[in-house]
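Participant: Okay, sequence plus prediction incoming.
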Amino acid sequence: MSNPTLRQISMLELIPRAPRKTYTKKLKEQLSDRGYDVDERTIQRDLVSLERVLPLICDDRDKPYGWSWTEEGLGIQAPAMDPIEALTISLAEQYLEPIMPKASFKRIGYFFKRANNVLKDTSPRLINRWRNRVRVLPEMLRFKNPILNKSAEQALYKATFEGQQIRALYRKRGDTKSSLRHIHPLGLVMKGSINYLICMMDEDKENPRYLPLHRFESVEILDEKIREPKDFDLDEFTHTNNLSFEYSKKLYTFKALFDFTAAAHLMETPLNGTQKIEKKIDGRLLVSARMTDTLQFEQWLKSFGADVEILEPKKLRDKFKKLASDLTEKYF
């Protein structure tokens, strides 16, 4: 392909946003993979020309020179975003901000900024009305996020994504000082307000473990690939180590009597497709369903207090009987 306009558009798509950068040699190789046979000198001329009219920056402190989009530059944005797309992205911003690492969220902030600008251009009052009239509320109590070392957090994400070993200063719970660890990142798990690194350590070559990200003081990415256990499964690991809410993947038949006022919403928002509800003579609701054995479901049931009586399974009923006995002992 020889069309210079298409070649330049393709080249602009390959340039990263600052602080990352790329080089003419790498661009030549990538353009060649896309079918554009062009020399480095031509690429350099194109970049210098485009720098005059686009938010591109050249890092000329060392050779070879590095090229980036500015941090606020929108890059190649086509086709145009319509108001419905902008509204959707604006809502996504509210959902994502509480659960994403702040540094990662900041990196994609220009997408949200672009969406908000589209809304402002469509109707200057629309974006303000949208912000004032829409709320995203958590189902359960949201704890304050722990304080993280931002550079360590980003290094952990990068090492996990690229499958690279790390050398890190990590502080165990209860310790006042960090110790040096050689770690093989296997995955990341976000649970509530805490993010965990699933990993292997050199001192234990068989058993993966999980480490809260906020206990990392510093992280150095090594130029070595990780050692991964054979047939490692992240879902299985989180299940067996109680990182997920599951006690067991097996289903059981759940039956309970609920106070009508407390559980009336289940008639409109069922537990799942197997749920059945029967209104009893005393006004209570008999609710039954096939459920997975999870901590999350038990915590939800506990939130009803005396407004629920567990009938089945017996194991769950016995748990609640013991809870009632323990509470009686503490408060009476």
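Facilitator: Yep, that arrived.

Participant: Wasn't residue 326 part of a helix?
Facilitator: Yes - assignment of residue 326 by DSSP: H, G, I helix; E, B strand; the rest coil places it within a helix.

Participant: Could you report the distance from it to residue 319?
Facilitator: Between residue 326 and residue 319 the distance is 11 Å, computed by C-beta to C-beta, to the nearest Å. In short, each C-beta sits where N, CA and C put it, glycine included.

Participant: okay, now the domains of this protein?
Facilitator: Following automatic domain parsing, one gets these domains for the chain: 4-69, 83-133, 150-240, 246-331.

Participant: Okay, now the shortest one: how far is its last residue from its first?
Facilitator: The reference is to domain 83-133. Its first and final residues considered, domain 83-133 spans 17 Å by C-alpha to C-alpha, to the nearest Å.

Participant: quick check: mean pLDDT across that domain?
Facilitator: Per-region confidence: domain 83-133 scores 72 on mean pLDDT.

Participant: What of stretch 243-252?
Facilitator: Regarding stretch 243-252, the rounded mean pLDDT is 73.

Participant: just the CA coordinates of it, formatted as CSV?
Facilitator: Coordinates of each C-alpha in stretch 243-252 appear next as CSV, following Å, rounded to 0.1, in the frame of the first residue of the first chain:
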residue,chain,number,x,y,z
LEU,A,243,-11.2,-15.2,48.4
SER,A,244,-14.4,-15.7,46.6
PHE,A,245,-17.7,-15.9,48.4
GLU,A,246,-18.2,-19.6,47.6
TYR,A,247,-18.1,-22.3,50.3
SER,A,248,-18.9,-24.9,47.7
LYS,A,249,-19.9,-25.1,44.0
LYS,A,250,-22.7,-27.6,44.9
LEU,A,251,-26.3,-26.4,44.8
TYR,A,252,-28.7,-27.0,47.7
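
Participant: neighbouring contacts of that stretch?
Facilitator: Counting by C-beta atoms under 8 Å, 6 or more residues apart in numbering, stretch 243-252 makes contact with 189, 191, 196, 210, 235, 237-239, 290-297, 312-313, 316, all of which sit outside it.

Participant: Out of those residues, which end up buried?
Facilitator: 189, 196, 210, 237-239, 291-293, 297, 316 (16 or more other C-beta atoms under 10 Å).

Participant: From those residues, which one has the minimum pLDDT?
Facilitator: Within the set of these, pLDDT is lowest for residue 239 (73).

Participant: do you know how far that residue is from residue 49?
Facilitator: To residue 49, residue 239 is 56 Å away according to C-beta to C-beta.

Participant: that older thread, give me the more crowded residue out of residue 326 and residue 319.
Facilitator: Shown here are residue 326 and residue 319; by other C-beta atoms under 10 Å, residue 319 has more neighbours (15 against 10).

Participant: Okay, that one and residue 247: tell me how far apart.
Facilitator: Distance of residue 319 to residue 247, given as C-beta to C-beta: 11 Å.

Participant: circling back: mind listing which of the contacts of stretch 243-252 are in helices?
Facilitator: In helices, judged by DSSP state H, the following of the contacts of stretch 243-252 are found: 235, 237-239, 295-297, 316.

Participant: hmm, which two among those are most spread apart?
Facilitator: The span of the ones in helices among the contacts of stretch 243-252, defined through C-beta to C-beta, is set by 237 and 316 at 25.5 Å.

Participant: Report the secondary structure state of the residue of the chain most remote from its centre.
Facilitator: In the chain, the greatest distance from the average C-alpha position (C-alpha atoms, centre = their mean) is reached by residue 281, at 46.9 Å. Classification of residue 281 by three-state DSSP places it in coil.

Participant: Start at 29, not 1
Facilitator: Got it, first residue is 29 now, which makes that one residue 309.
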